[in-house]
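Asks: turn this into a structure:
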Amino acid sequence: MKLRRRAVVCCSLLLASAHANDLEDGIKFHERGAYTKAAAAFERDGGQGNSEAQRRLGFMYYHGEGVAQDNKRAVNLFEKAARGGDAESAHNLGTMYEYGMSVEQNDAFSASWYKVAAELGEPNSQFAASVMYYKGQGVPRDRIEAAKWWTIAMRNGPRWEAKFRPMIESAEAKLAPGEIAEGRRRADEWIAARVVKK
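Replies: Predicted structure coming up:
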């Protein structure tokens, strides 16, 4: 029985190592312009559920690098990666649906994917979600929820605050002090909940 367990553990470690190598090899191949080899490595790892490999392969299909250009396949891979917890893929989908890039323009889908990425901690999506709530674009208009998300986006560090602050100042000027305070309170709650989960 112990021998069987050891064999299972060894096989699992070998598979995990092989998957890590596929991703690393794919990245190296891509950096060198060996796109066919990169796509094959990402395909192997992505088929095993690696979200980063799925995202990278999605970009290759989107740009036609080493594979036939196929936007539908790219979107499918981004969706798989996003559902697997890849924030960058969810953000990409939000952008694609917002602007109709390789998909039919759809504000509701855009807001939904931005929200997924925002919940995963992606700062650009947190800001994009705030804009969607502020305008009522793809979601019901909710200025408090907008204030929550832009507050969270700016709290990712000085770089993000400097990036978003100029755009937020004019929006905040149109909110009542109570709306801003409630948005900040919701942001504090969201951030505290994430700290507890870690």
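Asks: mind listing what the residue minimising distance to the centre of the chain touches?
Replies: Nearest to the mean C-alpha position of the chain, by C-alpha atoms, centre = their mean, lies Ala87 at 1.9 Å. Ala87 makes contacts with 116-117, 120-122, 125, as judged by C-beta atoms under 8 Å, 6 or more residues apart in numbering. Just so you know, the C-beta spots here come from the backbone N, C-alpha and C atoms, and that holds for glycine as well.
Asks: just put those in CSV and tack on secondary structure and distance to Leu77.
Replies: Listed next are these as CSV, based on DSSP: H, G, I helix; E, B strand; the rest coil; distance: C-beta to C-beta, whole Å:
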residue, secondary structure, distance to Leu77
Val116, helix, 16
Ala117, helix, 16
Leu120, coil, 17
Gly121, coil, 21
Glu122, coil, 18
Ser125, helix, 18
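Asks: check those residues and tell me the two furthest apart.
Replies: The largest distance within the contacts of Ala87, taken as C-beta to C-beta, falls between Val116 and Gly121 and amounts to 11.0 Å.
Asks: between the two, which is the more surrounded one?
Replies: Under the criterion of other C-beta atoms under 10 Å, the comparison of Val116 against Gly121 puts Val116 first, with 22 against 12.
Asks: wait, Met144 sits on Ala176?
Replies: Not quite, residue 144 is Ile, not Met. No. Using C-beta atoms under 8 Å, Ile144 makes no contact with Ala176, being 9.7 Å away.
Asks: so those two - more neighbours on which side?
Replies: Ranked by neighbour count (other C-beta under 10 Å), Ile144 and Ala176 place Ile144 first, with 18 against 10.
Asks: what's the weakest-modelled helix or strand in this protein?
Replies: Of all helical and strand segments in the chain, the minimum by mean pLDDT, DSSP states H and E falls on helix 2-31, at a mean of 64.
Asks: and Ser170, which of the three is it?
Replies: In the three-state summary, Ser170 is assigned as helix, counting by DSSP: H, G, I helix; E, B strand; the rest coil.
Asks: check the one 4 residues further on too.
Replies: On the three-state scheme (three-state DSSP), Lys174 is labelled coil.
Asks: quick one: residues contacting Pro177.
Replies: By C-beta under 8 Å, 6+ apart, the contact list for Pro177 is empty.
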